[in-house]
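**Student:** Structure of the sequence below:
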Amino acid sequence: MNDWTLPPYKFEDTPARPTPPAQGGFAPVPPSPPEPPGQPPPPPPGRPPEEPFRADLKPPRKKGGWGWVWITLLVSALIGFIAVGGGAAYVWFKYLKDTPELPSRESLFAINRAPGVRFEDRSGQVIATRGPRYGQRVTVNTVPGYVPLAFLAAEDKRFYKHGPIDLYGITRAAWVNWRAGRTVQGASTLSQQLAKGLFLTPDRTVERKLQEMLMAWRLEQVLSKDEVLELYLNRVFFGANTYGVDGAARTYFGKPASQLTLSEAALLASLPKAPSRLALTRDMEGALARSRLVLANMKKEGWITAEEEAKALDDTPRLSPDAVSDEGDYGWVLDYATTEAIRIAGQNAPDLVVRLTIDSRLQKAGADIVRQAIALGGEHAGASQAALLSISADGAIRAMVGGTDYIASPFNRAVQARRQPGSTFKPFVYAAALEKGVLPTDIRVDAPVQFGDWKPENYGGDYRGPMTVEQALVTSTNTIAVKLAQEAGGSRVADLARRFGVTSLPERPDLSVALGAYEVNLLQMTSGFQVFQLGGQRVAPYVIESIAAQDGRPIYSRGPLAPTQVYDVAKASMMVKMMKKVVDQGTAKRAAFGWPAAGKTGTSQNWRDAWFVGFTPDFVTGVWVGNDDDKPMNKVVGGDIPASIWRRFMLAAHQNLAIRDFPWLLPDPEPRTSPDPRNGFYETLSSEFARTASELEADAAPDEPAPGAGPSGAQPPPELPY
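**Tutor:** Have a look, this model is predicted:
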């Protein structure tokens, strides 16, 4: 019989004690006395009872030994878990808390999609089409197979082999960059690039990179790989204001994406790496060089044959004639109007039709006049740029010329440049003084003045003695302008300027504000002068008449708006009459063109800026001349080139209009008191004293500018008459 079939051997419940050896071992143990019947035997003294041995069971493990190891491992794991959790919490709250939420699947194709815009002038004539060009939505199945493969070859060859983050690519890029000692290779996946382009800024920061990874992971949770690739193809930027492969195909080649050749697909795939720099209208050669690398990658991956690569290399793409269209002299207007349209309609608005207030005839006339003035007289005058802005009586911007050449310099000097207006700012000072009770017929003495260490002087250093406030404005006398600013108070001057639309002044300017030492832009100055034109009423300047979707659905219409009364009409009447004499008799005589007109010239510190802003009952127009680098001109004043530009433009603007004066002007106020018959004697005496003091000071003082503090501690502008 096999031993394995035997029943298990059972030991006695109480095993017999072993008999020790007689010698050299344990002492003999006498036998226990018999127990009384019915009584359980007592346990052996001094030893616990032993469990019966079971051969079919494993012996129990001894406690101790490895217990401290398990405790250590458990504590280490707990500490590691806490550290990882704490680190994750730190990363979340420091870098990822503000990560944008992922929108729905369908809205991903429209999120942050700026509208395309068709612009019309005031008469409805189309003058330009602007805004992002998206084309039609495509899928990987509606374009030739080499189109998506070209983009994968350019941006992410392992796209279908990794998740939203390519750990292998990160390791490879880190090794390559370490060996090169600089960043020569990136490791962003196509999903990461898509997340950055749709939701994040291009800043090169740790926060943006971590958010990019998180958004890429979220994208691949809701989209398949094919869908991520399709979203990329439809939303990637290709330069030239173009988004999506179909928009790029239509913009650059005049065809839909479904008709792209292999060479054209490779050329488009070369653009997303540096779309602005490599835009085909800007650097065709650079884009072609990169497209050759794209074709080489496609061949290396086995996606095209050597014959297909060679054929594509021989087939150089040709740009569509429409790809290099020129917006001409509308560029500055369109830049300004695009920002306004998106502000009104919203970022995710549909494609738009925007009706502008621009008069195409006046826009062209203004651009031509500015360009000709600088071309003919700019070199001799030391002036390289000019800007012009014209507004009709209802606040509509009819012409905006931001420079001499938009293609060479799209910087809009009518809106973006802030320069010192010089004496052009004086009407605001005089208007504030009139609010304090000063009248145009009041007498002020043109004589040396000093405020602390500042001694403002007139141009040429001469003084005319007593004169009326009106005469002081007509001749642009600096000392009296400063005295009037002191009488009115700097805060009152700043408050009036803000009411008129000049918002860039500080709360409490110093007295140099009287000489135009604080910087403003041409739009603010021109709009501010319109308050005088409208008899103290203010209307905000505007460039957009209406906005509609391209299907005709109305979105915005400005409509007629009642102007706001910000200045007393009687005082506005006094100001306009004084400013009319500036054109008829004073520093702006070169601006006169046979029409009732008013305005003020201005020249800033060291001849850096020359201005003239003037108005008729129909238009208010401002002109600035100078240099972008703040280089001084050859003593060009506001009554020179700016007044000439203004005159030529206003002649064009008033063509076919009937001559008329300001219909709201009021009679001059009656003198408050009868004149003292001794005034003539005192005025003559004061003039003699002023002349003598001026001569003595000129003999004693060195021929150098007087010290003083303008805004922010700067030297105030020289006292110029224009």
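**Student:** in the stretch 401-550 of the chain, which spans are helices?
**Tutor:** For the stretch 401-550 of the chain, the helices defined by DSSP state H, counting those that start in this stretch cover 426-435, 469-474, 478-488, 490-500, 522-533.
**Student:** my bad, the stretch 551-700 of the chain
**Tutor:** 569-584, 641-653, 679-700.
**Student:** Run through who's touching the shortest one.
**Tutor:** So the one you mean is helix 641-653. 361-362, 365-366, 369-370, 373, 377-378, 381, 383, 386, 388, 390, 398-399, 588, 590-593, 595, 597, 599, 601, 610-612, 614, 616, 618-619, 621, 623-625 (C-beta atoms under 8 Å, 6 or more residues apart in numbering). The way it works is simple: take the backbone N, C-alpha and C, and place the C-beta from them, glycine included.
**Student:** Write the ChimeraX selection for whichever of the residues you listed are buried.
**Tutor:** Here is the ChimeraX command that selects the buried residues among the contacts of helix 641-653 (16 or more other C-beta atoms under 10 Å):
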select :362,365,366,369,370,373,378,381,383,386,388,390,398,399,588,590,591,592,595,597,599,601,610,611,612,614,616,618,619,621,623,624,625
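**Student:** Not counting stretch 561-570 itself, show me its contacts.
**Tutor:** Stretch 561-570 is contacted from outside by 395, 431, 435, 496, 499-500, 531, 534-539, 664, 666, 669, using C-beta under 8 Å, 6+ apart.
**Student:** which one among those gets closest to residue 132?
**Tutor:** residue 395 (29.8 Å; C-beta to C-beta).
**Student:** Just give me the residue right at the centre of the protein.
**Tutor:** In the chain, the centroid-proximal residue (C-alpha atoms, centre = their mean) is residue 339; its distance is 10.2 Å.
**Student:** List the buried residues for stretch 487-502?
**Tutor:** 488, 490, 492-502.
**Student:** Kindly confirm whether my reading is correct that residue 362 touches residue 396.
**Tutor:** No. The pair residue 362 / residue 396 is not scored as a contact, 11.1 Å apart, by C-beta atoms under 8 Å.
**Student:** ok so, going back, and the contacts of stretch 561-570, which of them are buried?
**Tutor:** By 16+ other C-beta under 10 Å, these give 395, 431, 435, 496, 499-500, 531, 534-539 as buried.
**Student:** And those residues, which is closest to residue 520?
**Tutor:** For the buried ones among the contacts of stretch 561-570, the residue nearest residue 520 by C-beta to C-beta is residue 500; the value is 11.0 Å.
**Student:** Kindly provide the distance from the closest one to residue 167.
**Tutor:** Distance of residue 500 to residue 167, given as C-beta to C-beta, to the nearest Å: 62 Å.
**Student:** tell me, how many neighbours does residue 425 end up with?
**Tutor:** For residue 425, the neighbour count with other C-beta atoms under 10 Å is 28.
**Student:** How about the contacts made by it?
**Tutor:** Contacts of residue 425 (C-beta under 8 Å, 6+ apart): 497, 513, 514, 515, 516, 518, 520, 525, 602.
**Student:** If we use 6 Å, what do you get?
**Tutor:** Residue 425 is in contact with residue 516, counting by C-beta atoms under 6 Å, 6 or more residues apart in numbering.
**Student:** And for residue 428?
**Tutor:** With contact set as C-beta under 6 Å, 6+ apart, residue 428 has these partners: 496, 497.
**Student:** what about residue 566, neighbour count?
**Tutor:** By other C-beta under 10 Å, neighbour count at residue 566 equals 16.
**Student:** Could you check how far residue 557 is from residue 527?
**Tutor:** Separation of residue 557 from residue 527 (C-beta to C-beta): 22 Å.
**Student:** and what of residue 575?
**Tutor:** In terms of C-beta to C-beta, residue 575 sits 16 Å off from residue 527.
**Student:** Could you do residue 238 as well?
**Tutor:** Distance from residue 238 to residue 527, by C-beta to C-beta: 38 Å.
**Student:** swap in residue 574?
**Tutor:** Residue 574 is 21 Å from residue 527, where distance means C-beta to C-beta.
**Student:** Same question for residue 233.
**Tutor:** Remark: distance between residue 233 and residue 527 (C-beta to C-beta) = 46 Å.
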